[in-house]
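Q: Model the structure of this input:
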Amino acid sequence: MNSNQLISRTIYIKNMVCHCCIQLIREHLERAGIEVKEISPGRAAISYDELAITNDDIRRILNETGTDIIEGRDKILVEQIKQAIIELIHQMNNMDSIVRKSEYLVEKTGLSFSYLSRIFSSQEQITLEKYIILNKIERIKELIDQDEFTLSEVAFMMDYSSVQYLSNQFKHITGMTVSEYKVSDRSSKKSLDKLY
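A: Okay, here's the model as predicted:
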């Protein structure tokens, strides 16, 4: 391959919500002859022969994995917000981290929470606050399924002032009580890329 034909760029990737996605996307891109220099949730630094591979080819490869390229500053920012929320709620074990959700987003992006909230609402069908709540509910389902914590501990971990508040919000969002969820077939669980 002639190095004059190589193009290097960073692509931003939608719906890349777990570490399994990283491996899957890397494999698909490399199989297509695209060198993956660095990859993390929501983005990949790639290099490829621009005469052999087009942007449409890359998009098609990503679509095969259930993801897509994100273009545009606001759309990229929204995906970064989503990645930060998923990281905060689903991957970090710091129980105080949920309390600091707005500060965490501000730290990650360097932008004010009100600005982030406004951009998120302009690009998505729901508000940023609702997106955070939907993620918290899915995390609560995971914690209930693990059966390692009491509901009081789960409420504390997820920054609810009381078990009653958690229970009310859980019922409002899922349509079932926590007790009903515990005896259900768990079919109400949602993939993080399909929360709404």
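
Q: in the helix or strand harbouring residue 102, what counts as buried?
A: Element membership for residue 102 (DSSP states H and E) is helix 101-109. By neighbour count on 16 or more other Cβ atoms under 10 Å, the buried set for helix 101-109 is 101, 102, 104, 105, 106, 108, 109. No exception for glycine: its C-beta is placed from N, CA and C like everyone else's.

Q: Surely the second one is in contact with residue 114?
A: No: contact status for residue 102 versus residue 114: not in contact, 9.3 Å apart, counting by Cβ atoms under 8 Å.

Q: list the contacts for the nearest residue to residue 167 once chain neighbours are set aside?
A: Leaving aside its sequence neighbours, residue 167 sits nearest to residue 178 (Cβ to Cβ, 6 or more residues apart in numbering; 5.6 Å). Shown in contact with residue 178 (Cβ atoms under 8 Å, 6 or more residues apart in numbering): 144, 151, 166, 167, 170, 171.

Q: Select only the buried ones of those residues in ChimeraX?
A: Command for ChimeraX, covering only those of the contacts of residue 178 found buried under the criterion 16+ other Cβ under 10 Å:
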select :144,151,166,167,170
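
Q: So which of the contacts of residue 178 is the closest to residue 64?
A: If you rank those by distance to residue 64 using Cβ to Cβ, residue 144 comes first, at 33.4 Å.

Q: so where do the helices sit in the chain?
A: Ranges of helices in the chain, per DSSP state H, are 19-31, 55-64, 73-86, 101-109, 113-123, 128-146, 151-157, 163-174, 178-182.

Q: Would you mark the buried spots in the last one?
A: Okay, so that is helix 178-182. Residues of helix 178-182 classed as buried under the neighbour-count rule (16+ other Cβ under 10 Å) are 178, 181.

Q: centre of the chain versus that helix, how much separation?
A: Its chain's average C-alpha position is 25 Å from that of helix 178-182, according to Cα atoms, centre = their mean, to the nearest Å.

Q: Dump it to PDB, restricted to CA.
A: Extracted in PDB, the C-alpha atoms of helix 178-182 (Å, rounded to 0.1, in the frame of the first residue of the first chain):
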ATOM      1  CA  VAL A 178     -39.400  -3.400  42.500                       C
ATOM      2  CA  SER A 179     -41.100  -6.600  44.000                       C
ATOM      3  CA  GLU A 180     -42.900  -7.200  40.700                       C
ATOM      4  CA  TYR A 181     -39.600  -6.800  38.900                       C
ATOM      5  CA  LYS A 182     -37.800  -9.300  41.200                       C
END
